[in-house]
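>>> 3D model of this:
(one chain, ligands or ions: 2)
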Amino acid sequence: MTLTSRFRKSFGFAALAGCLLSAGAANAADIVAYENDFEGSLIGSGSATPSAILYGGGNLAINSAPNGQKFLGLDDGTNLGFSNHTITLTLSGLPTYTGFSLAFDVYTIGSWDGNTFGGIGPDLLGVSAKAGSLSIPIGMTTFSNWPSLSQIQSFPETFYAAHPAQTGAVAVDSLGYPTGNGGDATYHITSSWGFGETTDPLTFTFYGINLQGSPDETWGIDNLKVTVSVVPEPTSLALFGAGILVMGAIALRRRA
Ligand SMILES: [Ca+2]
Ligand SMILES: [Ca+2]
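Ligands and ions are numbered 1, 2, ... in the order given. Modelled structure (predicted):
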């Protein structure tokens, strides 16, 4: 199986949208495999929902930020989300697909230290995927909530790129966590990939590494959406081909 669209080098995922290059792309249709804003349900919706499984190092829960925003986090009573946990979303029951797009928001909560070493970092968050037997290391990066300390982080590229703290954040301190401990930041992340025809399952793994842990440095997932590019059924392709033949015959007759 050959990748025909590569992740840009980084978490600059958005730029890759629409770059799927597989041979069947012209006839492929995108369907929503999974979608969840975590306002009401851990299960979510989408064509693959019945077999979507989310789990981590503890029990998952819908957490509530101080401003009322709900997101995927941990059932530890803190509403602070994950620390050094691994969370996996498995989608099955999908038709044959030739690519996927992943989109989600990550909330970095508290005292994230970006690329800083010396025992307090680097504070890493990573995402990987597995499509059928194909493993895709989507990216691993760092975040910092300390622009006031002139810290650097790798986002919007992968570790060990260097950018000022909170570069690329779509919101800062909007969730209402205490700013004395770094507050919070919101990042919107997307990544699109294309490859040969692939079957179930499609799995995404999200993980935190090297964090000082709850309640100091935590994170949450929100507005998670997965679409897949689906190859048309052979029967509809055959009908489409027949339609072209008929049209061709009519054109020939007119010309005659
Ligand atoms: Ca939400
Ligand atoms: Ca840290």
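>>> For the protein, which residues are neighbours of ligand 2?
113, 120, 121, 123, 212 (CB under 5 Å from the ion). Just so you know, the C-beta spots here come from the backbone N, C-alpha and C atoms, and that holds for glycine as well.
>>> For the last one, give its distance to residue 36.
Going back to what we said before, that points to residue 212. The gap separating residue 212 from residue 36 is 28 Å, by CB to CB, to the nearest Å.
>>> Find the nearest non-adjacent residue to residue 206, please.
Residue nearest to residue 206 in three dimensions, not counting chain neighbours: residue 87, with 4.7 Å by CB to CB, 6 or more residues apart in numbering.
>>> So which of residue 212 and residue 36 has more stuff around it?
Each of residue 212 and residue 36 has its neighbours counted (other CB atoms under 10 Å); residue 36 has more, 26 against 18.
>>> pretty sure the more buried one contacts residue 43?
Yes - Residue 36 sits in contact with residue 43 when judged by CB atoms under 8 Å, with a separation of 7.5 Å.
>>> quick one: contacts for the residue of the chain found nearest ligand 2?
Here the residue of the chain nearest ligand 2 is residue 113; by CB to the ion that distance is 3.8 Å. Neighbour list for residue 113: 120, 121, 122, 123, 144, 146, 151, 217 [criterion: CB atoms under 8 Å, 6 or more residues apart in numbering].
>>> which SSE is the third one in?
Yep, that's residue 122 we're talking about. Assigned by DSSP states H and E, residue 122 belongs to neither a helix nor a strand.
>>> residues contacting it?
113, 114, 115, 116, 142, 154, 159, 160, 210 are the contacts of residue 122 under CB under 8 Å, 6+ apart.
>>> can we see that at 6 Å?
By CB atoms under 6 Å, 6 or more residues apart in numbering, the residues touching residue 122 are 115, 142.
>>> Tell me, how many residues neighbour residue 224?
Residues within reach of residue 224, counting by other CB under 10 Å, total 22.
>>> Is it part of a helix or strand, or is it coil?
When classified by DSSP: H, G, I helix; E, B strand; the rest coil, residue 224 comes out as strand.
>>> Just list whatever residues bridge to it.
Beta-bridge partners for residue 224, by DSSP bridges, are residue 36.
>>> these two touch, right, it and residue 36?
Yes - at 5.2 Å, residue 224 counts as touching residue 36 under the criterion of CB atoms under 6 Å.
>>> ok so, going back, now the residue of the chain closest to ligand 2. Nearest residue, chain neighbours left out?
Of all residues not flanking residue 113 in the chain, residue 121 sits nearest, at 3.8 Å (CB to CB, 6+ apart).
>>> what are the ranges of the strands in the protein?
Taking DSSP state E as the test, the strands found in the chain are 29-36, 53-55, 60-64, 70-74, 86-91, 97-110, 124-131, 134-142, 152-153, 163-164, 171-172, 184-198, 202-209, 217-230.
>>> Of all those strands, which one comes closest to residue 80?
strand 217-230 (4.2 Å; CB to CB).
>>> for the closest one, what is the average pLDDT?
Taken as a whole, strand 217-230 has a mean pLDDT of 97.
>>> close to ligand 1, is that strand?
Yes - contact of strand 217-230 with ligand 1 (CB under 5 Å from the ion) involves residue 222.
>>> Give me the contact list for that strand.
For strand 217-230, contacts defined as CB under 6 Å, 6+ apart pick out 28-38, 63, 71-73, 80-83, 94-95, 97-112, 208, 211.
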